[in-house]
Every structure is written in C-alpha cells, then in structure tokens.
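Colleague: got a sequence here, can you model it:
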Amino acid sequence: MNSKLIILLLFIFLLFFYIIYYLIMNKKKLKRINNHSNTNTDNIIDKKNKVNKENEKLLFRNVLNYYLYLLNNDLDLIYMRVAIKKFNFFLKSYPNSSKFQEVNRMIYNLYYKLENEEYNRSKLYFSLHRYESAVIYFQNFLIYFPHSIFKEEILYKICISKYNLDKVKDFFEFYKEYIKNYPNSANAKELRYLYKKLIENE
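Modeller: Presented below is the predicted three-dimensional model:
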C-alpha cells in the first residue's frame, strides 16, 4: 500500500471521527439550550400564575368587603347594580376560582335581601293608603323582580289600589292579569266581588 493511499484513508477516518464528534457535541448543546429554555418558560409561567393568584385574592377580598358592607346596611337598586357588576367581573375574570360558588351565593343573598327590602318599602305606602305611590313602587318591583315570591300579593295590592283610586280601566287590566295567573288564590274571591261591583255600576 503506497503512502498516498494511507494518508487518504487516515484523512477520511479523521474526517469521519470529527463529524461524529461534532454531531454529539451539538446534540448536547441543543439539549442544554432546550433545558434552559424550558426552565425559563416554566419560571415565567409560575410567576404569571403567582401574580394571577394574588390578583384573584385581592379582587375577592374587595368583593367580600363590599358584600359585608351591603349585607349590614340598607340596600337600594343603585347599590345592587354596582355590587352585581363587581361580582360578575370577578366571575368572568376567574371562572375556575375556588371562590366561584361563594361569589354566586353572595349575589343570591344580596338579591334576596334587596327583594325583601323593596317589597316592604312598597307595602309601607300601601298600608299608609298612599295608593299612587304604592302602585309606582309595586310596578317597579315587578320590573326588577318578575319572578318574585311576592308577585301574587303585589298584583292583588295593585288591583286594590286602582280600585281605591277609582281607576276602573286600570283595575280591569290588572284584575285580568291577576285572575289569569292566580284563579284559585285566597284573594281571587275578593277581586271577583270588586270586579262584579264595578261592572254593575257602569
């Protein structure tokens, strides 16, 4: 074997060895870069999650303070709207929050409290025989609480108020609505009597 061939084979062997070495080193380097990149990404995600959790805690604390204040003070429709906005903002921002059901319960409690307060306010005008004011409050009540447990009694009181105000057409209108929805209620008998009386006097 001549010397030129030996040199050529040696060169090929060295070149092959260098390529293998280069590929191995590059693979290790890429692995280190990927590991570093993944670590950085994980750190960023962890930091974002921590910030998000802190924001959730702060917002919930704000909602809770507002809820406790409203629960221990008189409510009105304006305060209720503000409260609902705050609570809904929390629910939309953190739909997977562990506090989700608790905030929903707060909304229900405030809604129930406001419903009772508005009903008692309306009933007060009726008991004072301030029928015009009572009707306004009752009708507003039905707008905000269309499925209230007090709906039957409120429609009855509107009928009585209209009767006492001599607003016959209005009485007929609310009477029809009442009888349609509550034909067998305890108050239906009295309203049928008043209706018959008005018909006879026409």
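
Colleague: so who does the closest residue to Ser93 other than its chain neighbours touch?
Modeller: Leaving aside its sequence neighbours, Ser93 sits nearest to Leu59 (Cβ to Cβ, 6 or more residues apart in numbering; 6.8 Å). C-beta here means a position set from N, CA and C on the backbone, and glycine is covered the same way. Neighbouring residues of Leu59 by Cβ atoms under 8 Å, 6 or more residues apart in numbering: Phe89, Phe90, Ser93, Tyr94.

Colleague: name the element Leu59 belongs to?
Modeller: helix 3-71 (DSSP states H and E).

Colleague: wait, isn't Ser161 in contact with Phe126?
Modeller: Yes: at 6.6 Å, Ser161 counts as touching Phe126 under the criterion of Cβ atoms under 8 Å.

Colleague: who touches both of these two?
Modeller: Common neighbours of Ser161 and Phe126 (Cβ under 8 Å, 6+ apart) are Ala134, Phe138.

Colleague: any idea how far the residue nearest to Ser93 is from Phe171?
Modeller: 50 Å (Cβ to Cβ, to the nearest Å).

Colleague: how about Tyr79?
Modeller: 34 Å.

Colleague: with neighbour numbers in mind, choose between Ser161 and Phe126.
Modeller: Ser161 (24 against 20; other Cβ atoms under 10 Å).

Colleague: find the helix or strand that the more buried one is a member of.
Modeller: Assessed by DSSP H and E, Ser161 sits inside helix 151-164.

Colleague: which helices and strands sit right next to that helix?
Modeller: With contacts taken as 3 or more Cβ pairs under 8 Å, 6 or more residues apart in numbering; DSSP states H and E, helix 151-164 sits against helix 100-127, helix 131-144, helix 168-181, helix 188-201.

Colleague: now these as TSV including distance to Lys85?
Modeller: Formatted as TSV, those follow (distance: least, Cβ to Cβ, whole Å):
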stretch	distance to Lys85
helix 100-127	11
helix 131-144	15
helix 168-181	32
helix 188-201	40
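
Colleague: so the residue positioned nearest the centre of the chain is in which element?
Modeller: In the chain, the C-alpha nearest the mean C-alpha coordinate belongs to Asn88, at 3.8 Å (Cα atoms, centre = their mean). In this assignment (DSSP H and E), Asn88 forms part of helix 77-93.

Colleague: who are the neighbours in contact with Phe100?
Modeller: Taking Cβ under 8 Å, 6+ apart, one finds Leu91, Tyr94 in contact with Phe100.

Colleague: hang on, Tyr195 packs against Phe172?
Modeller: Yes: between Tyr195 and Phe172 a contact is recorded at 7.4 Å, counting by Cβ under 8 Å.

Colleague: neighbour count for those two, which is higher?
Modeller: Just comparing Tyr195 and Phe172: by other Cβ under 10 Å the higher neighbour count belongs to Tyr195, 18 against 15.

Colleague: right, I'll leave it there.
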